[in-house]
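1. need coordinates for the below:
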Amino acid sequence: MIDKPNDLPANANRELDCVLVERAQAGDKKAFGLLVEKYHRKLGRLVGRLVRDQTEVEDVVQEAFIKAYRALHNFRGDSAFYTWMYRICINTAKNHLISLGRKPQVLNNVEMEDAENFDGVTNMRTMETPETALATKQIAITVNDTIATLQEDLRTAITLRELEGMSYEEIADVMQCPIGTVRSRIFRARETISEKLRPLLSHSSSKRW
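-> Numbers count the residues shown, from 1 in each chain. I've put the predicted structure just below:
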């Protein structure tokens, strides 16, 4: 049992992102709203390192999320959602500064590593109201519990994909099955998780979307 949102294991956290993205791709703005809430503050800090002018940070972050929402159909899960969002945010910040005739600040190696390796677990504590914090905790617990109850082949496939970051080809080699079977198992795992999440997402709310 998970006691705190930031106790969510990395694989369950990434799978939560995948499910929310798939729901958002299907037109569920509430699901995307949860992603906005989850990563808004972290991306704000990232943009602040580049832009420096705090009065412009919020505009840049909001523009980045709008771009991401419009391009969400292009997200295929080859990288973590945050990594994809991170790139969009960096490019948006750079374009913003260039449009103003200013040179972007350069992130040092420590800041770059911190930004690129961030997996979002601790940032699940940044919900701004008790209601959104409770909703996120319930979603996290549901994802974690659902993965734990999946039949072994589905649980293995989704874990290798989300926790180990393996490609479909690598998973097929490990599980000694065709790639099509791997895709089917991951799809079925995500469908099961999505079904469990549906009641929670239908009652969640977002202030921005």
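2. buried stuff in the helix or strand encompassing Phe187?
-> Counting by DSSP states H and E, the element that carries Phe187 is helix 179-203. Neighbour-count burial for helix 179-203 flags 181-182, 185-186, 188-190, 192-194, 196-197, 200-201 (criterion: 16 or more other C-beta atoms under 10 Å). C-beta coordinates here come from the backbone N, C-alpha and C atoms, glycine included.
3. next, format these as JSON lines and append distance to Ala68.
-> Below are the buried residues of helix 179-203 laid out as JSON lines (distance: C-beta to C-beta, whole Å):
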{"residue": "Thr181", "distance to Ala68": "32"}
{"residue": "Val182", "distance to Ala68": "27"}
{"residue": "Arg185", "distance to Ala68": "28"}
{"residue": "Ile186", "distance to Ala68": "23"}
{"residue": "Arg188", "distance to Ala68": "27"}
{"residue": "Ala189", "distance to Ala68": "24"}
{"residue": "Arg190", "distance to Ala68": "20"}
{"residue": "Thr192", "distance to Ala68": "26"}
{"residue": "Ile193", "distance to Ala68": "22"}
{"residue": "Ser194", "distance to Ala68": "20"}
{"residue": "Lys196", "distance to Ala68": "25"}
{"residue": "Leu197", "distance to Ala68": "20"}
{"residue": "Leu200", "distance to Ala68": "22"}
{"residue": "Leu201", "distance to Ala68": "19"}
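4. what's the most distant pair in those residues?
-> By the measure C-beta to C-beta, Thr181 and Leu200 form the most distant pair in those, at 29.8 Å.
5. need the next SSE after the worst-scoring helix or strand of the chain on mean pLDDT, C-terminal direction.
-> Least confident helix or strand, the chain: helix 109-117 with a mean of 42, by mean pLDDT, DSSP states H and E. Per DSSP H and E, the first helix or strand lying C-terminal to helix 109-117 is helix 130-149.
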